[in-house]
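Participant: Got a sequence here, can you model it:
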Amino acid sequence: MEKLFSRFRFVAETYLNLVRGLIDGSERFDRIIADRKVENRNRFIKNLGKLCDNVADQCGVVDEVIAARVVGQTSSSPGSETLEKAFTALHKTYLKLAFKTHIADDLVQVCDEYATKATQADGNRISDEEFLAEVWMTPAEYLSAYAELKNRTADLARPKKKWSKPTCGWSSQLPKNTPIAGSLFSI
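Facilitator: All right, here's what the predicted structure looks like:
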């Protein structure tokens, strides 16, 4: 799912705003960053500036390639290799940011809003060039990527297989209706 997020302009802006909030103290670390992925909180905060600059630089590269694409070059131009490298670099940087999963859930809701924008009637819809500048994709490309994102989120939302009764070596030696003090399960 993160790899798809690296292809959306609005995700980069959202991530930059969250990182800037962490740096200036307006966002709480424990609300946004998964502690289990960060070894040293102080070092992580110190490196956020570099990560923020990296995201901004890669966004600039993608913006340049997209602007050239709007001017008239096709997606098979030499810029598409540069574009893929920039998307890969963004993806790697996003992974380093170690955001909690609820941030991705919030981004899926933002993706829903952009899908609505992409499917609006021609009179109400923004131009393809404006959409391309906001999202880094045409409405048709975005709807295809959005469908893939929805499929992936549906796969993640499927319930996992339920566990059967836990079995422990010592519990199997007890009579069937014997309560186990302090246990989380009963036999």
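Participant: can you list the weak-confidence ranges in the protein?
Facilitator: 72-79, 121-124, 156-187 (pLDDT under 70).
Participant: And for Ala133, the neighbour number?
Facilitator: 15 (other C-beta atoms under 10 Å). The way it works is simple: take the backbone N, C-alpha and C, and place the C-beta from them, glycine included.
Participant: List the single closest residue to it in space, sequence neighbours excluded.
Facilitator: Ile66 (7.0 Å; C-beta to C-beta, 6 or more residues apart in numbering).
Participant: May I ask you to confirm that the one you found belongs to a helix?
Facilitator: Yes - assessed with DSSP: H, G, I helix; E, B strand; the rest coil, Ile66 lies in a helix.
Participant: which parts of the helix or strand hosting Glu134 are buried?
Facilitator: Using DSSP states H and E, Glu134 sits in helix 128-135. Of the residues in helix 128-135, Phe131, Leu132, Glu134, Val135 count as buried by neighbour count, 16 or more other C-beta atoms under 10 Å.
Participant: swap in stretch 24-32?
Facilitator: If you call a residue buried by 16+ other C-beta under 10 Å, then stretch 24-32 has these buried ones: Glu27, Ile32.
Participant: And for stretch 8-16?
Facilitator: Neighbour-count burial for stretch 8-16 [16+ other C-beta under 10 Å]: Phe8, Arg9, Phe10, Val11, Ala12, Thr14, Tyr15, Leu16.
Participant: centre of the chain versus that stretch, how much separation?
Facilitator: Remark: stretch 8-16 is offset 9 Å from the chain centroid, using C-alpha atoms, centre = their mean, to the nearest Å.
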